[in-house]
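Chemist: Any chance you could fold what I've pasted below:
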Amino acid sequence: MLSLLIWTLQAHAYIPPADPCAPSTKLIGTVQSAAATWTYSPGANPRYPDGRVGTNVTLQVERAIQGQLGSTITVRVPGGTLGTHVTNIPEFPTMEPGTRWALDLGFFQGKFFLQDWQQLDPAAELPSQSYLIQALSDWCSQ
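Modeler: Got it, this is the predicted structure:
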């Protein structure tokens, strides 16, 4: 699933998805907030009779590597806890406030969704935005 391209961040590496050249939004950001809401409330969808929870995660954008982004972005992540109801989807990360992530996002029906992700060391010094953009460009032109 992950390609061989590795951007070395001082104490960590960001490994992009299998096709890092595909059009998408790529960024490095820190989670500011995470709020769980019902995707389907109990009884609203016969496939999920007990309901299904998702989490709206807002990140402070530290580096926009591909795509036009503002200073923050909100991504819907499947799974989460709402009251006593827990929807656990092991294929997706739990993104807690204060954690740093490298994300590859798709866009569908007006919303960003996770295509690939890698948790990063929040204390690591990041390469410049121009360096990351150039590294992606160099990789894609090979």
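
Chemist: When you work out contacts or count neighbours from here on, use the C-alpha atoms and nothing else.
Modeler: Will do.

Chemist: how close does the residue nearest the centre of the chain sit to residue 49?
Modeler: Of all residues in the chain, the one closest to the mean position by Cα atoms, centre = their mean is residue 103, 3.9 Å from it. For residue 103, the distance to residue 49 equals 31 Å [Cα to Cα, to the nearest Å].

Chemist: Quick check, pLDDT for the residue lying farthest from the centre of the chain.
Modeler: Distance from the C-alpha centroid of the chain peaks at residue 43, with 29.3 Å (Cα atoms, centre = their mean). On the pLDDT scale, residue 43 is placed at 85.

Chemist: residues contacting it?
Modeler: By Cα atoms under 8 Å, 6 or more residues apart in numbering, the residues touching residue 43 are 49, 50, 51.

Chemist: Quick check: phi and psi at the first one.
Modeler: Residue 49 adopts backbone torsions of phi -60, psi -30, taken as degrees, to the nearest 10.

Chemist: Distance of it relative to residue 136?
Modeler: 44 Å.

Chemist: where does the chain have low pLDDT?
Modeler: 1-21 (pLDDT under 70).

Chemist: If we use 50, what do you get?
Modeler: Across the chain, the ranges flagged by pLDDT under 50 are 1-18.
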